[in-house]
Structures are given as structure tokens and as C-alpha cells.
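Generate a structure from the sequence data that follows.
(one chain, ligands or ions: 2)
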Amino acid sequence: MASSTPDPRLAFRIPSLPPSFYYIPSFISPEEEASLLSKIPPNRWTNLTHRRLQAIPSTLTKSNTLLAAPLPSYLLDPIVTRFATLGIFANTPHKAPNHVLINEYKPGEGIMAHEDGPAYAPVVATVSLGGAVMLEIGNSTSEASTVNPAPTDTHRILCEPRSLLVTLAPAYSTTMHCVPAVTHDADLQRATVANWDLVGEAWRYSAADDVDGSGGSGGIIERTTRVSLTYRDVLKVSNAASRVLGLGGRR
Ligand SMILES: O=C(O)CCC(=O)C(=O)O
Ligand SMILES: [Fe+2]
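Ligands and ions are numbered 1, 2, ... in the order given. The predicted structure is shown next:
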């Protein structure tokens, strides 16, 4: 089974993390980013305490079932087309994402530590738009990390605008993740950012003496509004809605 052709995704693996996290900077262009942001419907947000969100095509049912409906074209091209080229969802049941969660975080907002759970195949692909944030990950099964996170169990991933972060099994089910609800992320440097060597524009965030004295923000992200697109493959899909509409659901 061994192949002499290296998996191209390995070039993007975050080496200091447990398998399997991949970070790809500049996954989309600034023009594609602006176009995506302009197409997110302004009237479909659900407001939560520390962020707002849209579930596309819809929220899952209580039994974690997705009512079959296509993703809108603005969420398919170019992103899902590129996922296919990279084979990101090649091994999931539907071979493609069928669900996108759009989260918007203003400065001071975030998402509490959580696992993505059993509704989805263990592949998460998140495209960041707008501002940068630090995503924190920690072990999910250890009581120490869920109840009282130990700093040694926590890693930070810098998510730049236009980047893609992919989480695959086994990390999917062994780690929790959160975006801290802060106005600034601090202390960005190679030693504290797991994907530092994969970051496209690390100089933006460096302490000045880390980048030959020019351009760095002093190791700080000053948060601006960030929108993330989280693509997943929901395992259970019901075609009941299309049957009701006489559109010939197949099962
Ligand atoms: O905004 C992010 O990068 C994380 C979103 C997330 O964890 C989720 O939608 O489950
Ligand atoms: Fe999540």
C-alpha cells in the first residue's frame, strides 16, 4: 500500500500539533473574499450572545439530520471546487460538504470550547474572511482540559483572513476548540503559535525584533470583524422535503 508519492496535504500539516490539522494560507484571493462577504444574506442571522450565525442550507433536526437541499452557488465556487482538487472530503460519506455554518465575530466575541460532535463526518474545513483570530485547541477527553484547562494542553492556531484550516480524524474527536472572546489576541510568536511557519504573513503579527525591526504589530492581533465558513458533511440526510414537493427524493 505504501506509495512513493507524498500526499500534497502533508506540506500544510501543522507539525507541532496532534494529527491532523492542516493550514493553508491564501486559500482564496482578496477579490474572492470580498465577493463572498457581499453575498452572505444580511437578513438570515441568528443572534447569539457572543457571535451571530447562519446555518446553510438549514439547522439540523433534533436527530442531527439534514433536510436535503443544495448549497447556494456562492458557497460552492470557488471553495468546494478547490476542496475537491485537494481531496479534502474524498473519504466522507457524501464525498463533499453538504452543510456550512457561517459565524460572525465582532471584536470581543468568540465561541466557547466545544467538540463538533457525532452529527458530522470527521472532516472540518474552515475558511476565514475579514479579520484574523487565534483559535485555541485542547484535549477533549482529559478532565483537566475540559474542566480546568491546563496551559500545556492548549495550542493556538493563527487563522489569517482568506486561509483554510482543515481538521481531520483523529484530532476531530480528541480535541476541543474555541475562539476566545477578546478584543486583542496577544503574544504571537513562533513559540506560541502552532502554525507560525505556515502563516502567510507572519511579519504582520510579529514583535518588531522578530522581523528585522519592520512592520510587526508587536505580537498582537487587534480584532476586527471576522466571518468564518465552516464546511462539513452531515452524516444523516433526509430527502423527505423533496419528496413532499414531488421532486423525487431517491430514498
Ligand atoms: O469560527 C471558527 O473558526 C470556529 C467555528 C466552529 O468551531 C464551529 O462552527 O463549530
Ligand atoms: Fe467547532
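
what's the distance between residue 57 and residue 180?
Residue 57 sits at a distance of 30 Å from residue 180 (criterion: Cβ to Cβ, to the nearest Å). C-beta coordinates here come from the backbone N, C-alpha and C atoms, glycine included.

now do residue 160
To residue 180, residue 160 is 17 Å away according to Cβ to Cβ.

now swap in residue 172 and tell me
21 Å.

Check this protein for the residue nearest ligand 1 and tell me.
For the chain and ligand 1, the shortest gap (Cβ to the nearest ligand atom) falls at residue 228, measuring 3.4 Å.

what's the neighbour count on that residue?
23 (other Cβ atoms under 10 Å).

That one is in what secondary structure piece?
Per DSSP states H and E: residue 228 is located in strand 226-232.

Tell me the first helix or strand C-terminal of that strand.
Next element after strand 226-232 (DSSP H and E): strand 236-238.

what sits up against that following strand?
For strand 236-238, contacts defined as Cβ atoms under 8 Å, 6 or more residues apart in numbering pick out 61, 63, 64, 65, 66, 67, 68, 94, 98, 119.

so what's the second one closest to, chain neighbours aside?
Leaving aside its sequence neighbours, residue 63 sits nearest to residue 236 (Cβ to Cβ, 6 or more residues apart in numbering; 7.1 Å).

Low-confidence regions, the stretch 51-200 of the chain specifically.
In the predicted model, the stretch 51-200 of the chain carries pLDDT under 70 at residues 141-152.

measure residue 154 to residue 186 for me?
Look at residue 154 and residue 186: by Cβ to Cβ, they are 14 Å apart.

Tell me which of these two has more neighbours.
Taking neighbours as other Cβ under 10 Å, residue 154 and residue 186 compare with residue 154 leading, 16 against 11.

Isn't the more buried one up against residue 136?
Yes: Residue 154 lies in contact with residue 136 (Cβ atoms under 8 Å); the separation is 5.6 Å.

Just give the nearest non-adjacent residue to residue 24, would you?
residue 164 (4.4 Å).

list the contacts for that neighbour?
When contacts are counted by Cβ under 8 Å, 6+ apart, residue 164 touches 22, 23, 24, 27, 125, 126, 127.

Now tell me what touches the host helix or strand of the first one from outside.
Under the criterion DSSP H and E, the helix or strand holding residue 22 is strand 21-24. Where contact means Cβ under 8 Å, 6+ apart, the residues beyond strand 21-24 that reach it are 9, 12-14, 137, 157, 163-168, 171, 194-195, 198-199.

Which members of these are classed as buried?
Among the contacts of strand 21-24, the ones that count as buried by 16 or more other Cβ atoms under 10 Å are 12-14, 137, 157, 163-168, 171, 194-195, 198-199.

out of those, which are inside strands?
Applying DSSP state E to the buried ones among the contacts of strand 21-24, the entries found in strands are 137, 157, 164, 165, 166, 167, 168.

Against residue 136, how distant is the second one?
When you say that, I think you mean residue 157. According to Cβ to Cβ, residue 157 stands 8 Å off from residue 136.

List the contacts of the residue nearest the centre of the chain.
Among the residues of the chain, the one closest to the centroid is residue 126, at 2.4 Å (Cα atoms, centre = their mean). Applying Cβ under 8 Å, 6+ apart to residue 126 gives the contacts 159, 164, 165, 166, 167, 228, 229, 230, 231.

Do I have it right that the last one meets residue 116?
Same thing as residue 231. No: with contacts counted by Cβ under 8 Å, residue 231 stays clear of residue 116, the gap being 11.6 Å.

next one: the strand holding residue 22 to chain centre, how far?
Centroid separation for strand 21-24 versus its chain: 10 Å, with Cα atoms, centre = their mean, to the nearest Å.
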